[in-house]
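K.L.:
any chance you could fold what I've pasted below:
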Amino acid sequence: MIRYRQCPKNHHTLASSWMPLWSMAQDNQRGRHSIDVPTLLRDVAELQKSFAYRKKRRAFVVEGVRNFVHAVDHGFCLEKILYSDRLLTAPIARKLVRRCRRSGVRAVKLTPEEYRSLSDTSRASGVAAIVRQKWAPLEQISVDQGLCWVVVEKVRSPGNLGTLIRTSQAVGGAGFIFVHACTDPYSPAVVRSAMGAVYSQTFIRSDWASLRRWAAEQQRAVIGATPDGPADLHSFAFPKAPLLVFGEERTGLNESQRSTCCGLVSIPMQSGTDSLNLGVAGSLVMYEVYRQQNLPEKLPDWRPA
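P.N.:
Now for the predicted structure:
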C-alpha cells in the first residue's frame, strides 16, 4: 500500500520506502505535457539567485542526487522534480523519481541542454527539485529538543552558515533561530556547504523581543560567544539545552544580542591572534557543550599500546 501525506497547495511528500517500479520511458511520454519549460526554468533561476524571491515563494531548489534523496527522506514537500533521463544515471535517484511521480509529485523531463542551464555544478547530476521550505513557530518547539539551539541574526558567508548547520547536526543540535529576515539557510550555497544537514535541522524566524520573552518563559539560558567574554569556554558550565548566540563575522555580537544573553564566553587563543572564522568558532562552542554533556568528567590517561 502506498502512503503519502498531503502538503499545502497540493504538494506531496513521499512517506513510503517502497513502491512498484515501471519504465521511466513511459513517464517521459507525459513529462512535458502542459508544462511551459522556459517559464519553469526562469522560476528555477530566480529561486537560485534571489533571497527575496525564495522568501516570497517559500521554496528553494535542490540539485544533485544527495540533496534530492535527503529532501525526500526527511519529508520535504516537493513542488516539482526536474530531471534529464540521459544525465540521471544514479539508480537510487531514478527510483525515487518514479516513486514520487506515483505519489502525485509532478516530474518534468528536460533535455540535457535544458538541465545544464539550471545546474551550477561542473558535472550535471540530472535531477533537481523545487522544494517547499520548512519553518517552525517559536512557540511550538520543544525546549528540550536536541543538545542546543543556535541563534544568529546575520551571517555574511554561506560557507560559515553551512558549517554551523553541519556541526549542529553532528553534535545533535536541535536547530537554528534566525532573528529577523537577514540570513537565508535555503540559499544554494548554504544547502551545498551543509552537505545535507539542512534537512534534519529545525529552522525558526523570530525577533529579539519575542526570543527574550520565550527564553524567560521557558527558563532557557542564552549564552553568547565573543572575544571579550569574561568566562573561558572550557571552564564555563553550560546548562542543559542552551541557546547559543553567534554574532556577525565582522562586528561580532551587537547590543541587542548582548542584552539577550545571560552569559558570555570567549574561546582561549594565543596572544597575537585576531579572531577565529565564525564557522570554526561556533563549531568549537557547540562541541564544548557536547563534551560537557556527553563525556565523563575525567577521561583515563592515554597510554601507548
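K.L.:
just how off-centre is stretch 67-76 within its chain?
P.N.:
The chain centroid and the centroid of stretch 67-76 are separated by 12 Å under CA atoms, centre = their mean, to the nearest Å.
K.L.:
numbering from 30 from now on, please.
P.N.:
Renumbered: residue one is now 30, and that last one reads stretch 96-105.
K.L.:
ranges for the helices of the protein?
P.N.:
With DSSP state H, the ranges of helices along the chain come out as 53-57, 66-78, 80-86, 94-102, 120-131, 141-147, 187-200, 217-222, 237-247, 284-289, 307-323.
K.L.:
Phe265 is nearest to which of the ones you listed?
P.N.:
When the helices of the chain are compared by CB to CB, helix 307-323 sits nearest Phe265, at 8.1 Å. Heads up, the C-betas are built off the backbone N, CA and C, glycines and all.
K.L.:
straight-line length of stretch 197-205, end to end?
P.N.:
9 Å (CA to CA, to the nearest Å).
K.L.:
any buried residues in that stretch, and which?
P.N.:
Within stretch 197-205, the residues scored as buried using 16 or more other CB atoms under 10 Å are Ser197, Gln198, Val200, Gly202, Ala203, Gly204, Phe205.
K.L.:
how about these, which pair is most distant?
P.N.:
Val200 and Phe205 (13.2 Å).
K.L.:
just to revisit the earlier point, got the buried residues of stretch 197-205 as CSV, with distance to Thr68 and pLDDT columns?
P.N.:
Shown next, in CSV, are the buried residues of stretch 197-205 (distance: CB to CB, whole Å; pLDDT from 0 to 100):
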residue, distance to Thr68, pLDDT
Ser197, 37, 98
Gln198, 36, 98
Val200, 43, 98
Gly202, 39, 97
Ala203, 39, 97
Gly204, 34, 97
Phe205, 33, 98
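K.L.:
OK, contacts around the nearest residue to Asp261 once chain neighbours are set aside?
P.N.:
Among residues not flanking Asp261 along the chain, Pro297 sits closest, at 5.8 Å (CB to CB, 6 or more residues apart in numbering). For Pro297, the contacting residues are Asp261, Leu262, His263, by CB atoms under 8 Å, 6 or more residues apart in numbering.
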